[in-house]
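J.: Sequence first, then the predicted structure:
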Amino acid sequence: MKLLLCLAAVLALLLTAAPAEEGYPETVVTVVRAPEQTQAERPACFPDPSEHFVPLPETENLALSRPVIAGMHNDVYVAKNATDGKTDTYWESKGFPAEITIVLDGSRTVSAVAVCLNPSAIWEPRTQEIAVLVSADGESFTEAAAAAKYDFNAETGNRVCIPFAPVEAGWVKLVFTLNTSSRTGGAQAAEICIY
Ligand SMILES: [Ca+2]
């Protein structure tokens, strides 16, 4: 009996005196969860590339989702891609000159047209020559901005803005006569915006 008591006492002593396993001190574990990240975030130390983008008017884009009229297009790059609100879809004409007409929602006062390509740097710099014409009846057009060459560069958002004197118009036509890109023989526009 004494022996049993002694053994029990020794065992109790060993159990209570057992040190924490080396390297694993007793600690309270606190689980920290990172907030859910649903969008890519740019660290503050990186410059915002959009700071150098060509500014666009802050007024309503009158061309958004409006129907368009154009000639032949290359491959799958149909004209309606130019007003669908997405810069990853684009219109590409088959050859030059290339005309694309945006039908506005009635007669509107317009004073600028923006032509945007995909802003990705995969789209190498190119120059397109563009004229802007306007019409009140869809048949007779007058020139709002004469043909001029515009440089597209990813560093400035791959977009250009063509301002002109305010005019009433129901139809806005762009005439492209040059694209220096070596990858196409036609005009290109991911989005045509009218302000
Ligand atoms: Ca588009």
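T.: Nice, I can see it.
J.: Show the subsequent helix or strand relative to the worst-scoring helix or strand of the chain on mean pLDDT.
T.: Between all helices and strands in the chain, the lowest mean by mean pLDDT, DSSP states H and E belongs to helix 2-17, at a mean of 54. Downstream of helix 2-17, the first helix or strand assigned by DSSP states H and E is strand 68-70.
J.: how would you label V172: helix, strand or coil?
T.: Counting by DSSP: H, G, I helix; E, B strand; the rest coil, the backbone at V172 sits in strand.
J.: Tell me what it is bridged to.
T.: With beta bridges defined as DSSP bridges, V172 has these partners: I102, V134.
J.: Quick one: residues contacting it.
T.: A63, T101, I102, L104, V110, V113, V132, L133, V134, S135, A144, I194 (Cβ atoms under 8 Å, 6 or more residues apart in numbering). C-beta here means a position set from N, CA and C on the backbone, and glycine is covered the same way.
J.: would you turn those residues into CSV with distance to the ion and neighbour count?
T.: Putting these into CSV (distance: Cβ to the ion, whole Å; neighbours: other Cβ atoms under 10 Å) gives the following:
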residue, distance to the ion, neighbour count
A63, 11, 24
T101, 16, 18
I102, 13, 26
L104, 17, 18
V110, 19, 22
V113, 15, 25
V132, 19, 25
L133, 21, 19
V134, 22, 21
S135, 23, 18
A144, 22, 23
I194, 14, 25
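J.: so can I have JSON lines of those showing pLDDT and distance to V29?
T.: Below are the contacts of V172 laid out as JSON lines (pLDDT from 0 to 100; distance: Cβ to Cβ, whole Å):
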{"residue": "A63", "pLDDT": "98", "distance to V29": "58"}
{"residue": "T101", "pLDDT": "98", "distance to V29": "67"}
{"residue": "I102", "pLDDT": "98", "distance to V29": "62"}
{"residue": "L104", "pLDDT": "98", "distance to V29": "63"}
{"residue": "V110", "pLDDT": "98", "distance to V29": "64"}
{"residue": "V113", "pLDDT": "98", "distance to V29": "61"}
{"residue": "V132", "pLDDT": "99", "distance to V29": "66"}
{"residue": "L133", "pLDDT": "98", "distance to V29": "71"}
{"residue": "V134", "pLDDT": "98", "distance to V29": "69"}
{"residue": "S135", "pLDDT": "98", "distance to V29": "72"}
{"residue": "A144", "pLDDT": "98", "distance to V29": "69"}
{"residue": "I194", "pLDDT": "98", "distance to V29": "60"}
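J.: how about the residues of the protein that lie near the ion?
T.: N81, D84, K86, T89, A190, E191 (Cβ under 5 Å from the ion).
J.: wait, which of those residues is closest to F176?
T.: Taking Cβ to Cβ as the measure, F176 sits nearest to A190 out of these, at 13.5 Å.
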